[in-house]
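Engineer: the following comprises the amino acid sequence and a computationally predicted model.
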Amino acid sequence: MNTAPASGTTSAGHGPRYSALAIAFHWTIAVLVLGLIASGWWMTGAIRDPQRQAVAYDVYQLHKAFGLCVLLLTLARLGWRLGHRPPPLPAHMRPIERFGAHAAHVALYALTLAVPLLGWAMVSASPLGLPTVPFGLFEWPHLPVLGPQDDPASVEAGFKLGHEVLAYSAAALVVLHVAAALKHHFVDHDGLLGRMLPFGGGAASS
């Protein structure tokens, strides 16, 4: 297993950058998550408006498709991460800051898995039985979440509550994550943000 950190350096000389693939995973998932938060917030209100309902149904399908993309990309990112150690945190960071940084990353990984999984389970339990057809290409299978005696509406409501609570938690964590990155960039000037930017000096290609 390759556990060597990325060998590139930032143009400002702040030490090793994340690899090109890690950067691609990070920003692709980040953009998708922001889009999912925005679309989820919009469509839950629009679906009850007769004038916007048809568009809302289309947005629901895209929301489900991109949610599955986040799930699959996160699994791929975790698999790749197992063999590639990230660059070390800046030496000036206190133990509590290091703990917070690691805890936030673990929570982000967990949420980008749990939120789409709960959404998938919610759709699978729905008494409407609507199919999920990612980008109109093929029908995605439902999860076997219903037992013989289960009430589909009750099971769906439970998964929906979990999906919404964790989605709001993810949104809050994203805000904290961005705030921490900006603090490192504008207050600490330690180059931490620059290591994950898709432009700049010397990202490793592995």
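Structural biologist: Nice, I can see it.
Engineer: residues in contact with stretch 25-45: which ones?
Structural biologist: 18, 56, 59-60, 62-63, 66-67, 69-70, 73-74, 76-77, 80, 112, 167, 170-171, 174, 196, 198 (Cβ atoms under 8 Å, 6 or more residues apart in numbering). C-beta coordinates here come from the backbone N, C-alpha and C atoms, glycine included.
Engineer: could you do stretch 112-126 as well?
Structural biologist: Here stretch 112-126 makes contact (Cβ under 8 Å, 6+ apart) with 29, 33, 64, 67-68, 70-71, 74-75, 130, 132, 142-146, 150, 152, 155-156, 159-160, 162-163, 166-167, 170.
Engineer: residues contacting the residue of the chain most remote from its centre?
Structural biologist: The C-alpha centroid of the chain is most remote from residue 149, which lies 33.9 Å away (Cα atoms, centre = their mean). Listed by Cβ under 8 Å, 6+ apart, the contact set of residue 149 is empty.
Engineer: quick one: terminal-to-terminal distance for stretch 120-130?
Structural biologist: 12 Å (Cα to Cα, to the nearest Å).
Engineer: residue 22: neighbour count?
Structural biologist: Neighbour count of residue 22, defined by other Cβ atoms under 10 Å: 22.
Engineer: look up the closest residue to residue 52, ignoring the ones flanking it.
Structural biologist: Closest residue in space to residue 52, ignoring its immediate chain neighbours: residue 46 at 4.0 Å, by Cβ to Cβ, 6 or more residues apart in numbering.
Engineer: my guess is the one you found contacts residue 54. True?
Structural biologist: No - assessed by Cβ atoms under 8 Å, residue 46 is found out of contact with residue 54, at 9.7 Å.
Engineer: more neighbours: the two, which one.
Structural biologist: Per other Cβ under 10 Å, whichever of residue 46 and residue 54 has more neighbours is residue 46, with 18 against 10.
Engineer: quick check: the more buried one vs residue 120, distance?
Structural biologist: Applying Cβ to Cβ, to the nearest Å, the value for residue 46 to residue 120 is 22 Å.
Engineer: what's the answer for residue 136, then?
Structural biologist: Counting by Cβ to Cβ - residue 136 and residue 120 are separated by 18 Å.
Engineer: which one's more surrounded, the two?
Structural biologist: With neighbours defined as other Cβ under 10 Å, residue 136 and residue 120 compare such that residue 120 has more, 22 against 7.
Engineer: need the pLDDT of the more buried one.
Structural biologist: In this model, residue 120 is scored at 97, pLDDT.
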